[in-house]
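> Make a model of this:
(one chain, ligands or ions: 1)
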Amino acid sequence: MDDYDVVIVGGGVAGLTLAKFLTEKGIPFLLIEEHDDFFRKPCGEGVIRHTMGYDFYDLYESKAGVEKEIWNTAIYTRYGEIEMEMPIVMMDKRRMEEELAKKGKGGEIKMGERVEKIENGILHPQQLKPRLIVGADGAFSMVREYAGVKKPILGMAVEGYSQNIEMDEEKCHIILRDDVVKYGYAWYFPKKEKWNIGIGSQKKKYFKEGFEKFKEKNEEVKEWRGAFVPLDKPTRAYGKNAILIGDAASHVFSAIGAGITPSMIIAKIASDFIEKWAKKDFRDMDFSLFEKEWRRVIGKYLTYSYYTKSIFFSVVRNEYLRHKLLARMCKSTTEYYRRVMKR
Ligand SMILES: Cc1cc2nc3c(=O)[nH]c(=O)nc-3n(C[C@H](O)[C@H](O)[C@H](O)COP(=O)(O)OP(=O)(O)OC[C@H]3O[C@@H](n4cnc5c(N)ncnc54)[C@H](O)[C@@H]3O)c2cc1C
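Sure thing, here's the model as predicted:
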């Protein structure tokens, strides 16, 4: 058996960000990714630039794949348009993942290899028994199952590219109407030369209905790519000799389905703990301290986001009341970003 102290399962944004930070700290690791190229998981590619005192550019430390920064989002409901200011960085996510992999070169990144099973701490078929396993293996995490953590509630979303959108290219656009999709929304995000458009819902039945209509309306889109996204409270992020980051632990602002910035923040926190554990040769790792820290920094806000979404879609059934509530929420979000970004 090869001797790796740290094995990261999954090379999406969470696993690759951790790889980048471990490289910076000089901690060896092996990352195993089942696909042999990046960006296999679809995404709207809009990254919340600033949250909980963390700035995306500080976490990413590169401009590779950055296409645009958009400040304004227009949200359309049955009762009108609501404007919100929140900095969104439109990314070429494939380039971003490639760049993170370059920055994570301090460890070994094995592409095109799947972990099929984890039993008694041994990864199969690799026959590895690391001291620490990091589950960055997405919504259907195998590491989460090994750690004995329950599966989060999943929603569904699809995205595709279009060149024919007649909307203001300096704004992100969100359609939040029950006659478009229930329990979800459709988005039109402007990239450099095309639009990333998509639709998602927390309920499978409504997702299917909404997607059929959306597809008809946007028939120029050549390829639709769909995936599941955790829309739950964050789960416990450890068990046995494993910790979880990203979609594996539902590290997503579930009200808006945004998981990139939270995954990167929690990957950073995980790297700080792994550095401490490495200094003690991975003996007596107290995972509860990691759990406490990421919950303090961002976890409680991910939980608020879950309750906001639940109240918004399940309690407030009337679309007019929802419009009013949303207008208030967008106003306070705008004020928050104007204050923290000194705009
Ligand atoms: C359609 C859609 C649009 C979205 N839009 C946005 C958006 O605009 N902004 C935003 O912030 N968030 C968005 N999200 C959510 C965001 O994409 C995710 O939260 C984020 O990418 C999670 O990253 P991750 O690395 O945790 O998981 P993933 O990106 O799912 O990466 C997990 C990786 O693990 C690998 N893997 C899994 N199992 C194994 C195994 N057994 N062995 C080896 N490798 C394995 C997978 O191949 C994958 O590469 C969207 C999600 C969807 C579905």
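> Just the residues contacting the longest helix that the chain contains, thanks.
Determined from DSSP state H, the single longest helix within the chain is helix 319-340. If you take C-beta atoms under 8 Å, 6 or more residues apart in numbering as the criterion, helix 319-340 is touched by 50, 75, 77-80, 82-87, 176-178, 308, 312, 316, 343. Just so you know, the C-beta spots here come from the backbone N, C-alpha and C atoms, and that holds for glycine as well.
> Just confirm Glu113 contacts Ile32, I think it does.
Yes - judged on C-beta atoms under 8 Å, Glu113 makes contact with Ile32 at a distance of 5.4 Å.
> Name the residues contacting each of these two.
Residues touching both Glu113 and Ile32 (C-beta under 8 Å, 6+ apart): Gln126.
> What score does the closest residue in space to Asp36 that isn't next to it in sequence have for pLDDT?
In space, and not counting its chain neighbours, Asp36 is closest to Gly112: 3.5 Å by C-beta to C-beta, 6 or more residues apart in numbering. Here the pLDDT value assigned to Gly112 is 98.
> do the same with Met1
Note on Met1: pLDDT of 44.
> What of Lys205?
At Lys205, the model reports a pLDDT of 95.
> pull the CA atoms of the host helix or strand of it into PDB?
Secondary structure from DSSP states H and E places Lys205 in helix 204-217. Coordinates of the C-alpha atoms in helix 204-217 are reproduced here as PDB (Å, rounded to 0.1, in the frame of the first residue of the first chain):
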ATOM      1  CA  LYS A 204     -38.300  17.100  -9.000                       C
ATOM      2  CA  LYS A 205     -41.900  17.300 -10.400                       C
ATOM      3  CA  TYR A 206     -41.800  21.100 -10.800                       C
ATOM      4  CA  PHE A 207     -38.300  21.000 -12.100                       C
ATOM      5  CA  LYS A 208     -39.400  18.700 -15.000                       C
ATOM      6  CA  GLU A 209     -42.400  20.900 -15.800                       C
ATOM      7  CA  GLY A 210     -40.300  24.100 -15.700                       C
ATOM      8  CA  PHE A 211     -37.500  22.700 -17.700                       C
ATOM      9  CA  GLU A 212     -39.800  21.500 -20.500                       C
ATOM     10  CA  LYS A 213     -41.100  25.100 -20.900                       C
ATOM     11  CA  PHE A 214     -37.700  26.600 -20.500                       C
ATOM     12  CA  LYS A 215     -36.200  24.300 -23.200                       C
ATOM     13  CA  GLU A 216     -39.000  25.300 -25.700                       C
ATOM     14  CA  LYS A 217     -38.400  28.900 -25.000                       C
END
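> That concludes my questions; thank you for your assistance.
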